[in-house]
Each structure stands twice: as C-alpha cells, then as structure tokens.
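Chemist: Return a 3D structure for these sequence lines:
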Amino acid sequence: MPITFTPDPALYPFTSRWFDSTRGRMHYVDEGTGPPLLMCHGNPTWSFLYRNIITALRDRFRCIAVDHLGFGLSERPTGFGYTATEHVAVLGELIDHLELDGYLSFGQDWGGPISLGAAVDRPDRVAGAILGNTWFWPADTVSMKAFSMVMSSPPLQYAITRHNFFVNRLIPSATAHKLSPQVMAHYRDVQPTPQDRVGVAQLPKEIRAAHPLLARLATEVPDKLGDKKTLIVWGMHDPAFRPWMLKRVRAAFADQVYVALPHASHFIQEDAPDEIAAAITERFG
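Modeler: The predicted structure follows:
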C-alpha cells in the first residue's frame with residue numbers, strides 16, 4: 001500500500017531518501033555534513049520526532065534519521081513481522097549501504113534496542129552512543145511485563161489498530177507540553193488505516209517476545225560498546241522509564257556523560273530538543 005501522506009515542509013524541511021532493503025522500502029533523511037549521527041525512533045513515532053534536533057545540528061553533523069518499516073513514510077511490506085529482530089536487521093542493511101564509519105548511534109524508546117542491536121553487530125563502525133529513555137535487557141519487572149500483556153490483549157490491539165490508541169492517547173500523555181494540532185496530525189495522519197498500524201501494534205508484544213534479542217544486548221552492549229564515548233539524556237517526568245532504568249543504562253558505559261532533562265517526559269525529542277542538541281554538540285561536536 002503506497003504512503004500518501006506528505007509532510008508539511010515548514011515542519012519537516014528535509015529531502016526524503018529511500019533505501020530498498022531486502023524486506024521493504026525504507027524512508028530516511030540525510031541532512032548536513034560532519035560526523036554521521038544516526039537517529040532511531042521508537043513506538044509510535046517516526047523520523048519527524050527528530051526534526052528540531054536535525055535542524056539544530058545539521059550544520060555540524062551529518063544527521064540521518066530513519067523510519068523503521070511500518071512507520072512514517074516507510075513501506076508496510078507484506079510478509080514482514082515487524083519484530084525487533086527484523087528491525088535490527090533492516091537498520092544494519094542501511095548502515096552498511098551508507099557505509100557509515102565512525103557514526104554516533106542515537107536511540108530512544110524502541111530505537112534504543114534497535115539501534116544498539118545494529119551497533120553491536122558492527123562495533124568497529126561506532127564512534128559513540130546517545131541514549132535517552134530506553135532500555136536493552138529482557139523485561140524483568142512486573143510493570144514492563146504487565147504493560148506488554150495489557151497492550152497485547154485483544155481489546156488493546158483493537159484500540160491500537162482501529163482507533164490509533166498509541167498516537168491519540170499515549171503521545172499526549174507522554175509529552176510534558178501540549179503538542180499543536182499540526183504536530184499531532186503528522187503522527188496521526190501518517191498511519192491513517194488499521195493496516196498502517198500493524199507495526200505499532202506488534203512492538204508492545206515484543207517487550208516479552210524479543211527476549212532472545214534483549215538477552216543478547218544485555219551482555220553485548222557493555223561488552224562491545226561499553227568503552228565507547230556515550231551521552232545519556234533522560235526525561236525526568238517519564239511515566240514509564242523510571243530512575244532505576246536510567247541507573248541500569250548508565251552502568252553499562254564507562255566513558256559517559258549524563259544530562260538530566262528536568263522538564264521532559266518520555267518523548268524527549270518533543271520536550272527538550274534544544275537541550276539535547278546542545279548536549280550532543282558539547283559531547284561530540
């Protein structure tokens with residue numbers, strides 16, 4: 001099914017680029033020059049989430065922001081399972097296709113384990129990591145397992161696919177400020193049909209189903225990336241990613257700088273883009 005949504009160039013002033021992976025056509029933007037900065041979104045967002053960070057950094061960095069298959073302007077391919085492991089493999093194909101060397105890996109929400117999964121498979125190409133409100137280990141708390149179970153249940157799967165629940169309810173509840181109708185339309189209208197939301201509906205299931213991948217990352221992230229130059233930016237009003245998760249992320253990296261975002265919730269790119277851009281510039285500029 002073709003993607004008919006066209007972003008407003010006033011909000012998303014970037015040139016769309018395309019990569020034909022082995023699993024489907026992937027959309028991404030590639031703006032600016034300098035050290036490569038690869039930005040990975042989570043659920044239910046897309047590269048639009050990073051728009052303000054890209055515009056702030058593209059005079060100093062080569063800013064690459066992807067749409068995972070099933071999200072944003074990327075294809076919704078038939079036969080793709082939208083699992084975390086599949087997203088990791090497709091992202092790895094893009095990294096190799098672009099021949100990214102010395103790149104910075106930035107992941108938030110599901111973008112964390114997806115970006116780290118690709119990074120641990122090619123650590124020699126990774127210059128550093130940026131992580132915000134994310135995780136990379138198997139679900140091992142009641143709250144994580146309960147969220148996955150509830151969101152995987154038939155009533156919530158129906159709400160996600162039929163009523164765009166993740167966009168309409170979770171994005172507003174996980175941002176510290178009210179998003180404009182125009183911004184919300186870019187999250188809502190890019191996935192207008194139930195078929196467009198299959199990838200969104202799958203990722204809550206993956207919190208438990210991706211146990212093999214997450215178990216591997218729990219070991220390989222500190223082993224293969226733990227000595228990389230790292231920046232951790234964390235929204236302190238996130239209702240889901242609590243302080244103990246921040247502590248566990250920080251424990252994996254020896255050469256790290258931590259920046260608290262005191263007024264940000266889960267979607268830190270919406271709540272604190274200027275602070276994040278400044279932290280990246282100070283750490284890696």
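
Chemist: Every contact and neighbour count from this point should use C-alpha atoms.
Modeler: Fine.

Chemist: Tell me which residue is most central in the protein.
Modeler: His41 (2.0 Å; Cα atoms, centre = their mean).

Chemist: show me the contacts for that residue.
Modeler: Listed by Cα atoms under 8 Å, 6 or more residues apart in numbering, the contact partners of His41 are Ser47, Leu49, Val66, Asp67, His68, Gly107, Gln108, Asp109, Trp110, Gly111.

Chemist: Excluding chain neighbours, what is closest to Leu217?
Modeler: Distance criterion Cα to Cα, 6 or more residues apart in numbering; nearest residue to Leu217, sequence neighbours excluded, is Phe136 at 5.8 Å.

Chemist: residues in contact with the one you found?
Modeler: Neighbours of Phe136 in contact, by Cα under 8 Å, 6+ apart: Gly112, Pro113, Leu116, Leu214, Leu217, Ala218, Val221, Val249.

Chemist: at 10 Å instead, please
Modeler: Residues in contact with Phe136, defined by Cα atoms under 10 Å, 6 or more residues apart in numbering, are 109-110, 112-114, 116-117, 213-221, 245, 248-249.

Chemist: what do you get for His186?
Modeler: Phe5, Thr6, Pro7, Asp8, Leu11, Tyr12, Thr45, Trp46, Phe48, Leu49, Gly72 are the contacts of His186 under Cα under 10 Å, 6+ apart.

Chemist: circling back: return the per-residue confidence for the residue nearest to Leu217.
Modeler: Phe136 carries a pLDDT value of 98.

Chemist: What helix or strand is it located in?
Modeler: Taking DSSP states H and E as the definition, Phe136 sits outside all helices and strands.

Chemist: Okay, buried residues for the top helix by length along the chain please.
Modeler: Longest helix in the chain by number of residues, with DSSP state H as the criterion: helix 84-98. Neighbour counts over helix 84-98 (16 or more other Cα atoms under 10 Å) mark Ala84, Thr85, Glu86, His87, Val88, Ala89, Val90, Leu91, Gly92, Glu93, Leu94, Ile95 as buried.

Chemist: TSV please, covering the residues you listed and showing pLDDT and distance to Gly24.
Modeler: TSV is the format used below for the buried residues of helix 84-98 (pLDDT from 0 to 100; distance: Cα to Cα, whole Å):
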residue	pLDDT	distance to Gly24
Ala84	98	15
Thr85	98	15
Glu86	98	11
His87	98	11
Val88	98	13
Ala89	98	12
Val90	98	9
Leu91	98	11
Gly92	98	13
Glu93	98	11
Leu94	98	12
Ile95	98	15
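
Chemist: Which single one of these is nearest to Met149?
Modeler: Of all the buried residues of helix 84-98, the one with the least separation from Met149 (Cα to Cα) is Ala84, at 16.8 Å.

Chemist: so who does the closest one touch?
Modeler: Going by Cα under 10 Å, 6+ apart, Ala84 touches 110-111, 113-114, 117, 202-203, 205-207, 209-211, 213-214.

Chemist: switch to 8 Å and redo it
Modeler: Pro113, Ile114, Leu203, Glu206, Ala210, Leu213.

Chemist: List the ones among those that fall in helices.
Modeler: Pro113, Ile114, Leu203, Glu206, Leu213.

Chemist: Trp234: what secondary structure?
Modeler: strand (DSSP: H, G, I helix; E, B strand; the rest coil).

Chemist: Spell out which residues sit in contact with the residue lying closest to Arg283 once chain neighbours are set aside, please.
Modeler: The shortest distance from Arg283 to any non-neighbouring residue, by Cα to Cα, 6+ apart, is to Leu231 (7.1 Å). Applying Cα under 8 Å, 6+ apart to Leu231 gives the contacts Ala129, Ile130, Leu131, Gln256, Val257, Tyr258, Val259, Ala279, Ile280, Arg283.

Chemist: PyMOL command to pick out the buried ones of the residues you listed?
Modeler: With 16+ other Cα under 10 Å as the burial test, the buried ones among those are selected in PyMOL as follows:
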select buried, resi 129+130+131+256+258+279+280
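
Chemist: Sort out which of the contacts of Leu231 are in helices and list them.
Modeler: Ala279, Ile280, Arg283.
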